[in-house]
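J.: Just to be clear, the model below is a prediction. Sequence and coordinates:
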Amino acid sequence: MKRGLTLIAACSIAPTLAFGDIMTVEAEGSVSAVMDRLESAVDEAGATVFARVDHGAGAEAAGLELQDAQLLIFGNPQLGTQAMQDDIRAGLQLPLRMLVYGDDSGIAQIAWQMPADMFDGLDIDEDAEYVGRMEDALTKFAEAAAGK
């Protein structure tokens, strides 16, 4: 958890901790526009985008209502494999995910969990180099997607 708090202080977009260990950042534009920027940032960093899940569209297809929400699932095997080599159960948390949703005021929010927190309780050192690289990448992706 120490690394996450350090990144909060260093991050220019001032993420807030909400819902325990979930980071959130307000973003400019629609959920779709923010997700487009997020997906581009992930692609440009050389990570693999595995899926873009439109939760709102899924709810609508089921005849239900849900605020606009999209989830991006992505990863970098160079980092994720190291976590799974240290503890195969890290595969329950990987690949990484970031959620973009419209809050009650219609403002787009970006939400994610820091890997040190995701891996809590596993045989993974929160100070492992790959954990820091994952956390740095998530913070950079949020900054790029926020559009500020």
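T.: Arrived safely.
J.: centroid residue for the chain?
T.: The residue lying closest to the centre of the chain (C-alpha atoms, centre = their mean) is residue 98, at 2.9 Å.
J.: From the contact counts, what lies against the host helix or strand of that residue?
T.: Element membership for residue 98, per DSSP states H and E: strand 96-102. Using 3 or more C-beta pairs under 8 Å, 6 or more residues apart in numbering; DSSP states H and E, the elements in contact with strand 96-102 are helix 31-44, strand 69-75, strand 108-113, helix 129-146. To be clear about C-beta, it is placed using only N, CA and C from the backbone, and glycine gets the same treatment.
J.: Paired strands for that strand, with orientation please.
T.: If you go by DSSP bridges, strand 96-102 pairs up with strand 69-75 (antiparallel), strand 108-113 (antiparallel).
J.: closest to residue 120 out of those?
T.: Among the strands paired with strand 96-102, the nearest to residue 120 by C-beta to C-beta is strand 108-113 (10.0 Å).
J.: quick one: the helix or strand following the closest one to chain centroid distance?
T.: Following strand 108-113 in sequence order, the next helix or strand is helix 115-118 (DSSP H and E). With C-alpha atoms, centre = their mean, to the nearest Å as the basis, helix 115-118 stands 11 Å off its chain's centre.
J.: Stretch 110-123 now?
T.: On C-alpha atoms, centre = their mean, the centre of stretch 110-123 falls 10 Å from that of its chain.
J.: Do me a favour and get the end-to-end distance for that stretch?
T.: Stretch 110-123 has an end-to-end distance of 28 Å (criterion: C-alpha to C-alpha, to the nearest Å).
J.: Show residues contacting it.
T.: 1-4, 7, 18, 21-25, 27, 34, 38, 83, 86-87, 89-90, 93, 96-101, 126, 131, 134-135, 138, 142, 145-146 (C-beta atoms under 8 Å, 6 or more residues apart in numbering).
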